[in-house]
Structure formats: structure tokens, C-alpha cells
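Colleague: Everything below, folded, please.
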Amino acid sequence: MGTFYITTPIYYPNAPPHLGHAYTTVYADILARYHRLVGDDTFFLTGTDEHGLKLQRTAEKRGVHPKEFVDGMADVYRKYWEMLSISYDFFIRTTDPKHENVVREAIRRLYSKGYIYKARYSGWYCVDCEKFYSEGEYEVVNGKPYCPIHGKPLEYLEEETYYFKLSEFKEYLKEVLSKKSIVYPENYAREVLSKLETVGLRDVSIARPKSRVWWAIEIPWDPNYTVYVWFDALLNYLTGVEYLRNEERFRKYWSEVHHVIGKDILWFHTVIWFSILKALDLPPPKRLIVHAFVINKGVKMGKSAGNVIAIEDLTNRYGSTDSVRYLIARIFNLYKDVEVTTELLDSIHNTELADNLGNLVRRVGVLALRKLRGIVENRGLDRDLEDRIESTLKVYKESMESYEVSRAITAVMNLLREANAYINKVRPWEKSEPHKELYTLLEVLKYSSRMLAPIIPNTANKLSISLGFAIANPYEEKIGSQESYKVTSAPILFKKV
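Modeller: Predicted coordinates:
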């Protein structure tokens, strides 16, 4: 049994989560569920990023204290993740006292080691990103600097601040990012390395004046300043596995940490995060899994772009949480942006879930009940389909271990298509006792359900109860070893839209 620690970014709770948030979170949940399925000691962390100027301003606009606002929004996020069957082990909030203590101690250590100094700063700032942009990083619209992510005008700020000596870590970062095993896919590491060479590495502001950003953690040695929200947020990955509180537990999980992020926060999660970890005498994460954007109407999905797709709209349209999870996993792409359209999602739902999986389950269940009163005995199984189950298990494992969830799903769907062709070929409805034919089909459905369990867990459990098998590690039991199946129902799993 191995160990697997997986994280999502923690999200700004200034509005309810939408498909863009679910895109990352469902994918991470699938990887967590897969590793639990195969017996790994798994820990899954997600949560909310609750400090900073953006949330301070949002709460002020609503006439409430930021703590009251984020308390309510944390509950909103939990509700949505429950709706999507997200199986996190811990939901972290950066306003948790334990996390705030970690932040204070970490920044104190960096200060005592000489990595933090005070100096004056002037530059263009994006409130939504909570980030300063240098010349060449921002866009110019009508002669004015604009945020390249949010498309909003930048604010010019001039103030004293505390800097982190990021520039000292350039050679270290080049060495770490050159290791192909850390950033996946590798092209994202090459992108950061190229920027390091062309733009260079400047020290980064790690504090804000409390007079401007009071909703944050105070700098321990200077109460006139608060901790920069990104520094605060990144440390959640340490807090979640008890950094500074339980050394044994922390070391166990940190050595196997996998961060899942969108490509828009790649710089923070490589250059800044890896440098902070090095300064704290900690190794970089084992893997940084980076995905492309889910886009709508040609641009990245986001509240500021006005193109969000609500999670409840999807669950209402497709009738189940599992369908939404499946659709997200099916279109998920690490390499290129995916344009989401109703036509695309409808087609996948109807052809793959309703027709390919759902229709086969219905036909096999009805035939088992009508022909064999639900008791299907093991009288051998079709050799070709047995081989196809074996080869699918191999492709599925390779795909999941390399984080290619969509490719794993495609392999299972191809197996189910072959099973649909098989039932049409052998015509079990014409036989008086089609034990071999139906047993073969039930073996396909059992192994398909086990492989699909991380993606559509509620449906997989429903199938296990209806068709008479257990959801278990698909690699522990020999194909064809189950003595018989007791089929109790033939459920309609998905309705077409």
C-alpha cells in the first residue's frame, strides 16, 4: 500500500463555485478516489482562501464583517462539494487559527534567516489577482495598463513593503524545473524556465500595509503590515498535513504531495512556492499537475468575464451528480483549453452514459431476471471479452497513474461498446438458459463499474447492489472467479436529454 496526498487550489469565496472550480475539484477527487480504490493511504485537501483585499472589499460592499461573510461562503462551498460528491478528507480555511499560526511561524523563520527585508515599492496592482504586474506582464488598452487575466484596469500603488528574496533562488528553480518528474505535463515547466531566462527573477512583495489591507494576518514583528494573501494561501498545503504540529504525519504525506492547479496560477505554484519551500528547508512537491482552461464563449470561465456555467444548472439538466462528474472528467484536458457547449455535453451524456452504459445495464438486467430469475451461474465466459477486460484494466491503470483520466474513461467505454456488440451477436434472448452469455456481460459490467467508481461513484454503487457484486480494487480478483450473480433489478441509470 502506497501513500497519496492530493490538493486543489483553495478558492476565493467571493461568489459560489461554478463549473470552472468544479473542473479542478472533480478531477482531483477522481484521482483521490482511484488511489483509495487500489488501497493507497490517501489524503485529499481542499478549502477556501479567506484573507486579502478582494474579500475585504466584497464584504464592505455588502455591509458585513469579512469573517461573517467568509463563514457563510465556506458553508456554500461545502454544500456544492457535497452536491458533487467531493470526498475531501479535510476542508481547510485560511482563517483557521492553526493555519494562521503556521503562517506567522513560517514568515518569522524566513525573516530570521534573512530572506525578508523592507523596501519601497511602486507599480501596477490587480485587486482580483492580488498581484503586482511589471512592465511586459500587463496588457495595454487605450494607453492604460490592464490585468491580462481579468481584463480590468490596474491600480497604481506606491508604498513601503516587505520583500521576499526570490531572486536568490533562480539557479535552484532552474535545477528543480528541469526535472521532468515534478511539473506535469512537461511543457508547463519549459514555459516557466523560458520566462525565467527572458524576464529574470525579481524579489516579490510579501506584505501589505495594514492601513490598506487589514483583513489578513499581521506580520509578527511589525503590526503595521499584513501577510500577502498568496503567501498565506500557499502555506495551506503544509497546514493541511499538520506542519509544525505532527512531524511524522507531515513527512509521510508531504513526500507524496500532488498539487492540482489551473495554468493561470502556474508561476505562483512553481517559482514562488518552490522558493518558499526551499527557504523553509522543505522539498518541492512530488508532482504539480497543471491543466488548461475550460472556456465558454471563447474566454476562460470566470465571474468577471460573465460567462460562468452554474453547477446546479448542469445537475438539473442531466439529472444526476454522476453525469456532471462524468462530463467534467470526459472533457478534462491537461494540454489545451476546452470550449464547453450544451451540444457537446448533451452528446456525451446521451451516447456514452445513456446509450453505451445505461442501455447495456438495462438489457442485461432484464434478461437475467426474465430468463434466469436473476441467478446467473458461472458456466465459463467468452474468451475474447475476457481478454478485452484484461487489456482494459491495463490501459486504465496506466492512464490513471499518469493522471490521464479522460483516456482511462475512453478505454472503459470502448470495452462497453464491445459488450454491446457481443449481446447483439450472441442474442441471449433466444436461448433458454443463457448463463455463459449473461455471466460474460456481468463480468464486463462488474469490472467497468469498478473502474468507473472514482468517476461516477453513486452509479457504481447502484450497479453493485442491482447486479450482485462488490465495488473493490479491480486488480485483486481474477476475472471469472465469481461463482454466480444475483441480479435484483435492471435500473435505468441515465435519461437522455
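Colleague: which ones are touching residue 92?
Modeller: Contacts for residue 92 (C-beta atoms under 8 Å, 6 or more residues apart in numbering) come out as 10, 45-48, 99, 236, 239-240. Every residue, glycine included, has its C-beta placed from N, CA and C.
Colleague: Which of those fall in helices?
Modeller: 99, 236, 239 (DSSP state H).
Colleague: nearest to residue 140, of the contacts of residue 92?
Modeller: residue 10 (31.7 Å; C-beta to C-beta).
Colleague: circling back: are any of the ones in helices among the contacts of residue 92 buried, and if so which?
Modeller: Among the ones in helices among the contacts of residue 92, those buried by neighbour count (16 or more other C-beta atoms under 10 Å) are 99, 236, 239.
Colleague: Dump these to TSV, plus pLDDT and distance to residue 66.
Modeller: Shown next, in TSV, are these (pLDDT from 0 to 100; distance: C-beta to C-beta, whole Å):
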residue	pLDDT	distance to residue 66
99	98	16
236	98	18
239	98	20
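Colleague: tell me which of those is nearest to residue 30?
Modeller: residue 236 (21.3 Å).
Colleague: re earlier: closest to residue 324 among the contacts of residue 92?
Modeller: residue 46 (17.1 Å).
Colleague: Surely the closest one touches residue 80?
Modeller: No. The pair residue 46 and residue 80 fails to qualify as a contact (C-beta atoms under 8 Å) at a distance of 11.1 Å.
Colleague: Of these two, which one has the most company?
Modeller: residue 46 (28 against 19; other C-beta atoms under 10 Å).
Colleague: partner residues bridging the more buried one?
Modeller: residue 91 (DSSP bridges).
Colleague: Now do it against residue 88, distance only.
Modeller: To residue 88, residue 46 is 5 Å away according to C-beta to C-beta, to the nearest Å.
Colleague: intersection of neighbour lists for those two?
Modeller: residue 81.
Colleague: Nearest residue to residue 140 in space, please, no chain neighbours.
Modeller: Counting by C-beta to C-beta, 6 or more residues apart in numbering, the nearest residue to residue 140 once its immediate chain neighbours are dropped is residue 146, at 7.1 Å.
Colleague: What residues are recorded as beta-bridge partners of the one you found?
Modeller: residue 139, residue 153.
Colleague: residues touching it, list them.
Modeller: Taking C-beta under 8 Å, 6+ apart as the criterion, residue 146 is in contact with 138-140, 152-154.
Colleague: what's the answer for residue 320, then?
Modeller: With contact taken as C-beta under 8 Å, 6+ apart, residue 320 is in contact with 458-459, 494.
Colleague: show me where the stretch 1-150 of the chain has helices.
Modeller: 19-37, 53-62, 66-83, 97-112 (DSSP state H, counting those that start in this stretch).
Colleague: before we move on, what about the stretch 351-497 of the chain?
Modeller: Counting by DSSP H, counting those that start in this stretch, the helices of the stretch 351-497 of the chain are 359-372, 383-401, 405-426, 435-452, 457-467.
Colleague: Reformat these as CSV; add mean pLDDT.
Modeller: As requested, these are arranged in CSV below (pLDDT from 0 to 100):
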stretch, mean pLDDT
helix 359-372, 98
helix 383-401, 98
helix 405-426, 98
helix 435-452, 98
helix 457-467, 98
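Colleague: Quick one: closest of these to residue 199.
Modeller: Short answer: helix 405-426, nearest of the helices of the stretch 351-497 of the chain by C-beta to C-beta, at 33.2 Å.
Colleague: who's in contact with the closest one?
Modeller: 27, 30-31, 326, 329-333, 352, 356-357, 359-360, 363-364, 382, 385, 388-389, 392, 395-396, 399-400, 434, 437, 440-441, 444-445, 447-448, 451-452, 455.
Colleague: let's see it at 7 Å
Modeller: Residues outside helix 405-426 that contact it (C-beta atoms under 7 Å, 6 or more residues apart in numbering) are 27, 30, 329-330, 332, 352, 356-357, 360, 363, 382, 385, 388-389, 392, 395-396, 399-400, 437, 441, 444, 448, 451-452, 455.
Colleague: List buried members of these by neighbour count.
Modeller: 27, 30, 329-330, 332, 352, 356-357, 360, 363, 382, 385, 388-389, 392, 395-396, 399-400, 437, 441, 444, 448, 451-452, 455.
Colleague: which helices and strands sit right next to the helix or strand harbouring residue 295?
Modeller: Using DSSP states H and E, residue 295 sits in strand 294-296. Judged by 3 or more C-beta pairs under 7 Å, 6 or more residues apart in numbering; DSSP states H and E, strand 294-296 is in contact with helix 19-37, strand 338-339.
Colleague: Pairing partners for the helix-or-strand element of the chain with minimal mean pLDDT, with directions?
Modeller: Using mean pLDDT, DSSP states H and E, strand 299-300 stands out as the lowest-scoring helix or strand of the chain, at a mean of 75. When sheet partners are counted by DSSP bridges, strand 299-300 sits next to strand 294-296 (antiparallel).
Colleague: which residues are in contact with the strand it pairs with?
Modeller: Here strand 294-296 has contacts from 19-20, 23, 301, 307, 309, 337-340, using C-beta under 7 Å, 6+ apart.
Colleague: quick one: buried residues of the helix or strand where residue 189 lies?
Modeller: Assigned by DSSP H and E, residue 189 belongs to helix 186-199. The neighbour-count check on helix 186-199 (16+ other C-beta under 10 Å) flags 188-189, 191-193, 195-196 as buried.
Colleague: and of the residues you listed, the nearest to residue 346?
Modeller: For the buried residues of helix 186-199, the residue nearest residue 346 by C-beta to C-beta is residue 188; the value is 31.6 Å.
Colleague: before we move on, the earlier item: including distance to residue 404, could the buried ones among the ones in helices among the contacts of residue 92 go into CSV?
Modeller: Formatted as CSV, those follow (distance: C-beta to C-beta, whole Å):
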residue, distance to residue 404
99, 33
236, 27
239, 30
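Colleague: which residues does residue 214 contact?
Modeller: Shown in contact with residue 214 (C-beta under 7 Å, 6+ apart): residue 226.
Colleague: That one: what secondary structure?
Modeller: Classification of residue 214 by DSSP: H, G, I helix; E, B strand; the rest coil places it in coil.
Colleague: From residue 11, how far off is it?
Modeller: In this view, residue 214 and residue 11 are 22 Å apart by C-beta to C-beta.
Colleague: just residue 26 next, same as before
Modeller: Residue 26 is 13 Å from residue 11, by C-beta to C-beta.
Colleague: Settle it for me: which of the two has more neighbours?
Modeller: Using other C-beta under 10 Å as the criterion, residue 26 and residue 11 rank with residue 26 on top: 26 against 20.
Colleague: Next one: the more buried one from residue 329, what distance?
Modeller: Counting by C-beta to C-beta, the gap from residue 26 to residue 329 is 7 Å.
Colleague: What is the burial count for residue 112?
Modeller: 10.
Colleague: Please tabulate the buried residues of helix 186-199 in a markdown table, including the columns distance to residue 54 and pLDDT.
Modeller: What follows is those, written out as a markdown table (distance: C-beta to C-beta, whole Å; pLDDT from 0 to 100):
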| residue | distance to residue 54 | pLDDT |
| --- | --- | --- |
| 188 | 26 | 96 |
| 189 | 29 | 96 |
| 191 | 26 | 95 |
| 192 | 25 | 96 |
| 193 | 30 | 96 |
| 195 | 25 | 93 |
| 196 | 28 | 94 |
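Colleague: Name the nearest of those residues relative to residue 369.
Modeller: Using C-beta to C-beta, the buried residues of helix 186-199 come closest to residue 369 at residue 188, 51.3 Å.
Colleague: From what I see, that closest one and residue 290 are in contact.
Modeller: Yes. Residue 188 is within contact range of residue 290, at 4.5 Å (criterion: C-beta atoms under 7 Å).
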